[in-house]
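1. Task: produce atomic coordinates for the following.
(chains A and B)
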Amino acid sequence: GDSVTQMEGPVTLSEEAFLTINCTYTATGYPSLFWYVQYPGEGLQLLLKATKADDKGSNKGFEATYRKETTSFHLEKGSVQVSDSAVYFCALSAWYFGNEKLTFGTGTRLTIIP
Amino acid sequence: NAGVTQTPKFQVLKTGQSMTLQCAQDMNHEYMSWYRQDPGMGLRLIHYSVGAGITDQGEVPNGYNVSRSTTEDFPLRLLSAAPSQTSVYFCASGQDPAGGGTQYFGPGTRLLVL
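-> Numbering: from 1, shown residues only, chains lettered A, B, ... in the order given. The predicted structure follows:
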C-alpha cells in the first residue's frame, strides 16, 4: 500500500540555519504530495503541495520538489526562524480507483533556538 | 467563515462509555475525514466520506462509527470506549486529496479513556 517515510526527529537548529527534512514515498498510481505543519496546540495546516513530477511547491520560504525518479519530496528552507518551530508532516494521496485517502508520515518535530 | 469546528475540546471517559465527537464545516466541502494522532505514529485515518450518505473505512476503523447525513456534519461515535482509544482526534474537510485537494483541519479533541 501507499506509505510515507520521514526523517526521524526531533530536529534542533539555530536561527538562520538551513533546513532539510527528508521525505520519501511509495505509492500506487500517480500521487499528489503535501507538506502539512502543526503548530503547538493547533490542528494541521497545509504548508505546500505538488501534484505532478518536477513540480515545486513553495510557501513562507519553504520549498519542496516532487522527484519521481527518487520518489522524494524533501522540505527545505534557507534560513529558519524561531516561529518555524512546529511538527512537519509529509503526506501523499495517490490517484487510483477507489482511493480517496491521504496517507501521512510520522511527523518531524522541529525546534529553532534563538 | 468558521472553517472546521470540533467539539468538545477535551473529554474524559470511563472504559465502556460511549460518546460522539462532533465535527462541522461551513466550506461546502464534499470530502471529510477523521484521524487520530498518537505519539510516534503520525496521523492515522479512521473513517472518511466523499459526500452526504457515503462513508468508508480508513486504516484504523475498529471501535468507531460514522455517518454523514448532511454536507456540513460528520460525527464520530465511540461505541464502547477503551483505553487504547486515548488519543487526539482531528476532523478535516476539503477537496478530494487524490486530486491535490487541500485538507482543512479542526483544532482537535483530546480524549482520555480511563
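
2. Could I get the full set of strands for the chain?
-> No chain was given, so I picked chain A. A:3-6, A:11-14, A:19-21, A:23-26, A:30-38, A:44-50, A:56-59, A:62-65, A:75-77, A:86-95, A:103-104, A:108-113 (DSSP state E).

3. other chain: chain B
-> In chain B, the strands defined using DSSP E lie at B:4-7, B:10-13, B:19-25, B:31-38, B:42-51, B:54-57, B:64-66, B:76-78, B:87-94, B:103-105, B:109-113.

4. What strands line up against the fourth one, and which way round?
-> Going back to what we said before, that points to strand B:31-38. If you go by DSSP bridges, strand B:31-38 pairs up with strand B:42-51 (antiparallel), strand B:87-94 (antiparallel).

5. Rebuild the ones you listed as TSV, extending it with mean pLDDT and distance to residue B:35.
-> Where C-beta positions appear, they are placed from N, C-alpha and C, glycine not excepted. Formatted as TSV, those follow (pLDDT from 0 to 100; distance: least, Cβ to Cβ, whole Å):
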stretch	mean pLDDT	distance to residue B:35
strand B:42-51	92	4
strand B:87-94	96	5
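
6. In a markdown table, list these along with mean neighbour count.
-> What follows is the strands paired with strand B:31-38, written out as a markdown table (neighbours: other Cβ atoms under 10 Å in any protein chain shown):
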| stretch | mean neighbour count |
| --- | --- |
| strand B:42-51 | 20 |
| strand B:87-94 | 23 |
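
7. Of all these, which one is nearest residue B:112?
-> Proximity to residue B:112 (Cβ to Cβ) singles out strand B:87-94 among the strands paired with strand B:31-38, at 9.1 Å.

8. Report the backbone C-alpha coordinates of that closest one in CSV.
-> C-alpha atoms of strand B:87-94 as CSV (Å, rounded to 0.1, in the frame of the first residue of the first chain):
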residue,chain,number,x,y,z
SER,B,87,-5.7,10.0,21.6
VAL,B,88,-6.1,13.3,19.9
TYR,B,89,-8.8,13.3,17.2
PHE,B,90,-8.8,15.6,14.2
CYS,B,91,-11.5,16.2,11.7
ALA,B,92,-10.7,17.6,8.3
SER,B,93,-12.6,18.7,5.2
GLY,B,94,-11.5,19.6,1.7
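
9. quick one: the residue nearest to residue A:72 when sequence neighbours are not counted from residue A:86, how far?
-> Closest residue to residue A:72 apart from its sequence neighbours, by Cβ to Cβ, 6 or more residues apart in numbering or on different chains: residue A:24 at 4.9 Å. Distance, residue A:24 to residue A:86, using Cβ to Cβ, to the nearest Å: 21 Å.

10. who's more crowded, the two?
-> Between residue A:24 and residue A:86, counted using other Cβ atoms under 10 Å in any protein chain shown, the more crowded position is residue A:86 (21 against 17).

11. hang on, the more buried one packs against residue A:38?
-> Yes - if you go by Cβ atoms under 8 Å, residue A:86 and residue A:38 touch, sitting 5.9 Å apart.

12. residues shared between the contacts of those two?
-> Residues touching both residue A:86 and residue A:38 (Cβ atoms under 8 Å, 6 or more residues apart in numbering or on different chains): none.
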